[in-house]
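Visitor: Okay, sequence plus prediction incoming.
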Amino acid sequence: MEFVISFKDSDVAFIIKVCGDIDAYHSATFKQKTLEHMPHTDKKIVAFDLSEVPYIDSAGLGSIVSLIKESKKTEKELVLFSLQPQVKKIFEMTKLDKIIRIVDTEEEIKK
């Protein structure tokens, strides 16, 4: 599967849709592209649509933790949504679900 990141503004959040694995091969690109685009939105919520991410490894998790730190500097909240069960399980096992908000659907972001 090709690794693709796309960006769009919604009513409530800046949406970053990721397609492909967030792993050692792609985590640097994922982080770099996100950091390039985050300053260009006035939305206070940056939401990642992970519906097409079948796998994330420790490098990918590290990128997300780094992005959480960066987002706090600009007073933005990061939210993950539409995680596949195996990806959600990794966030639960590593307890990262305690430091980043995870919701099931895009509609739940504003709650």
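Guide: The structure has been received and is ready for your questions.

Visitor: What are the boundaries of the strands in the protein?
Guide: 4-9, 14-19, 45-52, 77-81, 101-103 (DSSP state E).

Visitor: what sits up against the shortest one?
Guide: Right, the one you point to is strand 101-103. For strand 101-103, contacts defined as C-beta atoms under 8 Å, 6 or more residues apart in numbering pick out 77-81, 83, 88, 91, 109, 111. Every C-beta, even on glycine, is put in place using the N, C-alpha and C of the backbone.

Visitor: where in the protein is pLDDT low?
Guide: Applying pLDDT under 70 to the chain picks out residues 111.

Visitor: who touches the residue nearest to the spatial centre of it in this structure?
Guide: Central residue of the chain (C-alpha atoms, centre = their mean): Phe48, 3.6 Å from the mean position. The contact partners of Phe48, by C-beta under 8 Å, 6+ apart, come to 15-18, 78-81.

Visitor: I'd like to know which elements the longest helix belonging to the chain is packed against.
Guide: What stands out as the longest helix in the chain, according to DSSP state H, is helix 58-73. Applying 3 or more C-beta pairs under 8 Å, 6 or more residues apart in numbering; DSSP states H and E, we find helix 58-73 packed against helix 27-37, strand 77-81.

Visitor: Grab the CA positions of the last one and hand them over as CSV.
Guide: Yep, that's strand 77-81 we're talking about. What follows is strand 77-81, C-alpha atoms only, in CSV (Å, rounded to 0.1, in the frame of the first residue of the first chain):
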residue,chain,number,x,y,z
GLU,A,77,-5.3,19.4,20.6
LEU,A,78,-4.5,16.2,18.7
VAL,A,79,-7.3,13.7,18.2
LEU,A,80,-7.2,10.3,16.5
PHE,A,81,-10.3,8.8,15.0
